[in-house]
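Student: Provided below for reference: sequence and predicted model.
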Amino acid sequence: MPYIPTTPEETRRMLSVIGVEKIEDLFADIPEEIRLKRPMDLPKPMSEAEVKRHMEELANKNKVLINFIGAGAYERLIPTIVPYILSRWEIYSAYTPYQPEVSQGTLQMIFEFQSLMCELTGMEVATASHYDGATAAAEAALMSCADTRKHKVLVSRAVHPQYRDVIRTYATGQRIEIVEIPIKDGRTDLAELEKLLAAKDVAGVILQNPNFLGQIESMAEAVQLAHKAGALGIAVFDPISLGVLAPPGEYDADIAVGEGQSLGLPLSYGGPYLGIVTSKERLVRRLPGRLIGATRDVDGKRGFVMTLATREQHIRREKATSNICTNEALCATAATIYLAALGKEGLKEVARQCVLKSHYAYEKLTSIPGVTPVFTGPFFCEFALKTDKLTPKEGYKGLADKGFAAALDLTPYYPEYEGAMLFAVTEARTKAEIDALAAAMGGLLA
């Protein structure tokens with residue numbers, strides 16, 4: 001609800017219930033010598049209309065750019081029904097569901113979220129809910145080591161660089177060796193992967209699809225190589241891409257993790273986001289987080305309970321799978337509403353729009369003299385380009401001056417692709433915006 005101040009009468013009644021005469025009495029425990037003896041230096045009071053006008057004036061000073069940057073966090077169209085339902089008092093709660101008798105709404109939402117994640121990925125079980133895609137990937141690495149009792153994990157260099165950093169951080173404390181799989185033409189080099197697997201001491205193999213460079217990986221072949229060597233196949237997925245790409249369950253992944261920000265969550269200056277962790281049923285006791293199940297009470301009514309929560313808060317430390325204690329349930333609820341609102345066909349259409357619009361942008365940009373693609377493989381909604389005149393820094397600044405956030409510099413992450421710029425095109429972009437971006441790029445290179 002909007003802020004509504006109390007009336008003098010309401011203030012008097014509250015003070016009476018507390019047992020004091022005036023508001024100043026509430027601060028009686030603060031020593032007199034440290035109290036402020038003068039009025040605070042604040043602007044003069046404003047009416048609600050004046051405050052609203054002032055805030056709008058401040059907001060209008062922001063320069064809003066048309067966004068063509070993705071790299072793991074994407075501007076997407078969010079149906080109005082998502083924030084509307086999410087803001088209802090029955091749902092808008094961060095309460096962690098330890099007591100089922102007072103948490104049925106939250107528990108049901110998590111149950112529905114898990115069910116939708118299983119449908120989306122083709123996996124058998126899903127847990128809820130994790131910080132973000134990076135920590136979900138790190139948890140998957142730990143799961144593979146716990147299951148195989150090996151201590152080496154192979155991670156493709158095409159996996160998001162920040163995900164790889166988080167995986168290394170988790171692995172350090174567990175004494176797990178992280179080895180990166182080389183990439184070739186923007187995709188995981190499967191020949192090198194096969195060589196790395198020859199020692200048979202690998203617990204898990206992690207690939208991202210589509211990968212950080214936008215390219216679509218040969219996931220089925222990679223998972224097959226992992227299984228042949230006695231390792232688990234771990235997929236990092238973009239949930240929107242599963243509207244058109246094969247789900248991890250279809251190519252026999254053992255664990256599938258992802259970032260749920262694309263499912264109804266705004267960019268929000270970096271969070272909070274939503275980690276998704278799913279797996280085959282045989283790994284259910286290795287899953288971090290919590291698993292919500294449906295049951296019936298003594299009267300036969302359907303209810304929801306926390307079926308499994310293998311955290312140190314619930315069981316002996318040495319038996320715990322994770323010490324994540326937060327619950328991104330509100331973000332998971334947003335994802336649940338988003339997927340329920342779109343349905344199967346709606347998700348397919350969003351993914352189709354991403355493919356069509358990104359490929360249209362690719363054709364427009366690469367038709368500009370001096371602009372060339374960095375990679376030749378298929379992509380979903382992101383692609384890398386180079387120019388013969390502009391450095392990525394110059395490209396980013398030049399496009400920003402023309403009203404676009406675009407051309408993410410890949411050089412800090414991949415020195416071998418120096419000069420490469422990553423572009424992302426989601427369903428939120430229009431043909432007019434794409435045409436304007438191409439015209440702006442052409443102008444910079446003229």
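Tutor: Sure, I can see it. Numbering: from 1, shown residues only.
Student: can you pull out the low-pLDDT segments for the stretch 301-446 of the chain?
Tutor: In the predicted model of the stretch 301-446 of the chain, residues 310-319, 323-327 satisfy pLDDT under 70.
Student: tell me which stretches of it form helices.
Tutor: Here the stretch 301-446 of the chain has its helices, by DSSP state H, counting those that start in this stretch, at 329-366, 392-401, 431-445.
Student: and the first one, how far out from the chain's middle?
Tutor: Centroid separation between helix 329-366 and its chain, computed with Cα atoms, centre = their mean, to the nearest Å, is 14 Å.
Student: just the buried residues of that helix, please?
Tutor: Buried residues in helix 329-366, counting neighbours by 16 or more other Cβ atoms under 10 Å, are found at 329-339, 342, 347, 350-351, 353-355, 357-362, 364-365. The way it works is simple: take the backbone N, C-alpha and C, and place the C-beta from them, glycine included.
Student: same question, the last one
Tutor: Of the residues in helix 431-445, those scored as buried under the neighbour-count criterion (16+ other Cβ under 10 Å) are E433, I434, L437, A438, A440, M441, G442, L444, L445.
Student: ok and that helix relative to helix 329-366, angle-wise?
Tutor: Here the directions of helix 431-445 and helix 329-366 differ by 50 degrees (axes from the mean of the first three to the mean of the last three Cα atoms, to 10 degrees).
Student: just the C-alphas of helix 431-445, formatted as PDB.
Tutor: Output in PDB follows, covering the C-alpha atoms of helix 431-445 (Å, rounded to 0.1, in the frame of the first residue of the first chain):
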ATOM      1  CA  LYS A 431      12.200  -3.400 -35.900                       C
ATOM      2  CA  ALA A 432      12.400   0.300 -35.700                       C
ATOM      3  CA  GLU A 433      14.900   0.200 -32.900                       C
ATOM      4  CA  ILE A 434      17.000  -2.400 -34.700                       C
ATOM      5  CA  ASP A 435      17.000  -0.300 -37.800                       C
ATOM      6  CA  ALA A 436      18.000   2.700 -35.800                       C
ATOM      7  CA  LEU A 437      20.900   0.800 -34.200                       C
ATOM      8  CA  ALA A 438      22.200  -0.300 -37.600                       C
ATOM      9  CA  ALA A 439      21.900   3.300 -38.900                       C
ATOM     10  CA  ALA A 440      23.900   4.500 -35.800                       C
ATOM     11  CA  MET A 441      26.600   1.900 -36.400                       C
ATOM     12  CA  GLY A 442      26.800   2.800 -40.000                       C
ATOM     13  CA  GLY A 443      27.200   6.400 -39.100                       C
ATOM     14  CA  LEU A 444      30.100   5.700 -36.800                       C
ATOM     15  CA  LEU A 445      31.900   3.700 -39.600                       C
END
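Student: would you mind measuring from Q99 to S129?
Tutor: Computed with Cβ to Cβ, to the nearest Å, the distance linking Q99 and S129 is 18 Å.
Student: quick one: which of these two has more around it?
Tutor: The neighbour count for Q99 versus S129, taken as other Cβ atoms under 10 Å, is higher for S129 (27 against 10).
Student: surely that one is in a helix?
Tutor: No - per DSSP: H, G, I helix; E, B strand; the rest coil, S129 lies outside any helix segment and is strand.
Student: please report phi then psi for the residue nearest the centre of the chain.
Tutor: Geometric centre of the chain, nearest residue: E259, 3.2 Å, by Cα atoms, centre = their mean. In terms of degrees, to the nearest 10, the main-chain angles of E259 are phi -100, psi 120.
Student: which strand residues bridge it?
Tutor: E259 forms beta bridges with G275, as assigned by DSSP bridges.
Student: what ranges do the strands span in the stretch 1-150 of the chain?
Tutor: Here the stretch 1-150 of the chain has its strands, by DSSP state E, counting those that start in this stretch, at 66-67, 125-130.
Student: to clarify, my last question referred to the stretch 151-300 of the chain.
Tutor: 152-156, 177-181, 183-184, 187-188, 204-209, 232-237, 255-259, 275-279, 291-296.
Student: and for the fifth one, what's in contact with it?
Tutor: Just to be clear, that refers to strand 204-209. Residues from elsewhere that reach strand 204-209 (Cβ atoms under 8 Å, 6 or more residues apart in numbering): 137, 140-141, 143-145, 148, 153-156, 158-160, 163, 167, 181, 188, 193, 197, 216-217, 219, 222-223, 225-226, 231-238, 241, 245, 254-255.
Student: if we can go back for a sec, of all the helices of the stretch 301-446 of the chain, which one is nearest S47?
Tutor: S47 sits nearest to helix 329-366 of all the helices of the stretch 301-446 of the chain, at 32.7 Å, using Cβ to Cβ.
Student: domain map for this structure?
Tutor: Listed by automatic domain parsing, the domain ranges of the chain are 66-76+344-445, 81-339.
Student: need those in JSON lines (columns: distance to R13).
Tutor: As requested, the domains of the chain are exported to JSON lines (distance: least, Cβ to Cβ, whole Å):
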{"stretch": "domain 66-76+344-445", "distance to R13": "47"}
{"stretch": "domain 81-339", "distance to R13": "24"}
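Student: and of those domains, who's closest to V17?
Tutor: For V17, the closest of the domains of the chain is domain 81-339, at 23.9 Å, according to Cβ to Cβ.
Student: quick one: end-to-end length of the closest one, please.
Tutor: Length of domain 81-339, first residue to last, Cα to Cα, to the nearest Å: 11 Å.
Student: in stretch 420-427, which residues are buried?
Tutor: Quick answer for stretch 420-427 (16+ other Cβ under 10 Å): A420, M421, L422, F423, A424, V425, T426, E427.
Student: save the buried residues of helix 431-445 as CSV, and put in distance to P378 too.
Tutor: Below are the buried residues of helix 431-445 laid out as CSV (distance: Cβ to Cβ, whole Å):
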residue, distance to P378
E433, 24
I434, 19
L437, 22
A438, 21
A440, 26
M441, 23
G442, 26
L444, 28
L445, 26
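Student: nearest to G249 among those?
Tutor: I434 (33.8 Å).
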